[in-house]
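# Take a look and give me a structure for this.
(one chain, ligands or ions: 1)
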Amino acid sequence: MAIPRDLAWPAGKRAAVSLSFDDARTTQVDQGLAILDDFGVRATFYASLSLLDKRADAWAAAVARGHEVGNHTVNHPCSCNFGWGTANVLEAYTLERMEAELLEANDRLTERVGVRPQTFAYPCGQKFVGRGTEARSYVPLIAKHFVAGRGFRDESCNAPQVCDLAQLFGVDYDCMPFAEVQRWLDTTAERGGWLVFAGHDMGVEQRQAVTRQVLEATCRYLTDPAKGFWVDTVAAIGTYVQRAG
Ligand SMILES: [Zn+2]
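Now for the predicted structure:
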């Protein structure tokens, strides 16, 4: 189904694409940033504080070059079902604790990279705290404190004229062959949508990683002027969509 084109992308672009990568993993600064910079592609990085601290100066320099560092919480809370421990699982959180930690992560990231986070990525793509009758959505907190919040393992690009910026779809980019990347990009262009890819490690061949070859091919395709993509950070495109809405 074609999306009605009420919202025109700037400068006659056909569609928008954001590349985002989570957890501030060291391969992102050691391998990924140089590839993106070679193509002049700005990306969004949702940072784990402990990993960001391993390369704090490099991350601050990346932000100074136009990349975005976004909030990914202090403790990366996900469901207890992952079996990662008991203290920081979403089922044990309250909205009050979540809000306090979101703001703490904002303060600490601002201190590290010099810019206050404008967007957020839900750890594990999960958007609740508590359990059963006490479970609550924390989407309203993201809407209150950020321009946009990105999910994970979603199944579509975003429809810019109607999407909830606090629940942007994020499409899993890890281990995706370029033929599939191209299908996603072409579909997004046909629909006039905004695709947000969500990956983890960069420039290496392993689980939860985007290889150098796929990243370079993606950047080459995205920056081909004939394709008509607006490639920018989640904050830049989110701000544009917010103002146009
Ligand atoms: Zn994460």
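
# Is there any residue in the lengthiest strand in the chain that contacts the ion?
Ranked by residue count, the top strand of the chain under DSSP state E comes out as strand 15-22. Yes - using C-beta under 5 Å from the ion, strand 15-22 reaches the ion at residue 22. Every C-beta, even on glycine, is put in place using the N, C-alpha and C of the backbone.

# Please tell me how far the next helix-or-strand element following that strand is from the chain's geometric centre.
Sequence order places helix 26-27 as the next helix or strand after strand 15-22, per DSSP states H and E. Mean C-alpha position of helix 26-27 versus that of the full chain (C-alpha atoms, centre = their mean, to the nearest Å) differs by 17 Å.

# circling back to that earlier point, what pairs with the longest strand of the chain, parallel or antiparallel?
Next to strand 15-22 in the sheet, as set by DSSP bridges, lie strand 44-47 (parallel), strand 194-199 (parallel), strand 229-231 (parallel).

# Give the buried residues for the longest one.
Meaning strand 194-199. 194-199 (16 or more other C-beta atoms under 10 Å).

# So which of the strands paired with strand 15-22 is nearest residue 187?
strand 194-199 (8.3 Å; C-beta to C-beta).

# now the residue of the chain found nearest the ion, which residues is it bridged with?
Closest residue of the chain to the ion, C-beta to the ion: residue 22 (4.0 Å). Legend: beta-bridge partners of residue 22 under DSSP bridges are residue 46.

# show me the residues around it that make contact.
45-46, 48, 72, 121, 152, 198-200 (C-beta atoms under 8 Å, 6 or more residues apart in numbering).

# So it versus residue 87, what's the distance?
The gap separating residue 22 from residue 87 is 21 Å, by C-beta to C-beta, to the nearest Å.

# Residue 70 belongs to a strand?
Yes - under the criterion used here (DSSP: H, G, I helix; E, B strand; the rest coil), residue 70 sits inside a strand.
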